[in-house]
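Enquirer: With the input below, show me the fold.
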Amino acid sequence: MKYLCRRSLLFVLFLCPVVLSCQDDETTLFDADGSPEAYIWFAQDNPTIYMWSGKPVAYLASSIGGGFSVYGFNGKHLGWYLDGTVRSHEGNPVCGVHRVARVVSLPKPEAPKSLKQPIPLKSPKELAPSRPLFRRQWSSTQCGSFLSQGELPDSN
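Expert: Numbers count the residues shown, from 1 in each chain. Okay, the predicted model is just below:
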C-alpha cells in the first residue's frame, strides 16, 4: 500500500504538470498560432500522439537526458517532447501545450475529436541524433505536417 501511494504521489508531482490535466489522460498540442493540431494520449506505457482525425502518427519513448523522444510509427525519430513542447532536430518548437504556444489570447476552440484508430505495429526505431540546443524561435514547419512524417505508408 505504501508503495502504491508513493507511486501515485510521484505521478501527480511529475507527470501531471507536463500533461497539465490528468483528466481523460490527454493533452492537446497546439500550433504556434494556437490552433489545436494533435493530442497526446498518456493512458498507456508509451504515450501516443494522435492527429485530430484519430489517426495515431507517433509515440513518446524515454530519452537520455530527460523528457521523451518522439518517434513515428514508421520508425523515424521526429524530435523531442520536453516541458510541454515538441521540438524538431534543429531544436525549434513545432507544437506545444497552450502555455508554450505563441498566442496572447485564448486557444482556438477545439473541434470534437474523431474516434481513436487502432495503434499500428511500430517499425524498428532509428537512432536518435544528439539533442541540439533548444531555441525559442518556432519552426516554420506546421505541427500537423511535422507529426505526419511519422505515419506509416497506407497499405492500400
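Enquirer: residues near residue 124, how many?
Expert: Using other C-beta atoms under 10 Å, residue 124 has 6 neighbouring residues. Glycine gets a C-beta too; all of them are placed from N, C-alpha and C.
Enquirer: Then residue 116?
Expert: Neighbour number of residue 116 under other C-beta under 10 Å is 15.
Enquirer: show me what contacts it?
Expert: 41, 50, 54, 56 (C-beta atoms under 8 Å, 6 or more residues apart in numbering).
Enquirer: Neighbour-wise, give me the winner out of these.
Expert: Of the contacts of residue 116, with other C-beta under 10 Å as the count, residue 50 tops at 22 neighbours.
Enquirer: so is it in a helix, a strand, or just coil?
Expert: Three-state call for residue 50 (DSSP: H, G, I helix; E, B strand; the rest coil): strand.
Enquirer: In the beta-sheet assignment, what are the partners of it?
Expert: On the basis of DSSP bridges, residue 50 is bridged to residue 39, residue 56.
Enquirer: which one of the contacts of residue 116 is nearest residue 97?
Expert: Distance to residue 97 across the contacts of residue 116 (C-beta to C-beta) is lowest for residue 41, with 14.2 Å.
Enquirer: Quick check, the closest one in contact with residue 51.
Expert: No. Using C-beta atoms under 8 Å, residue 41 is not in contact with residue 51, being 11.7 Å away.
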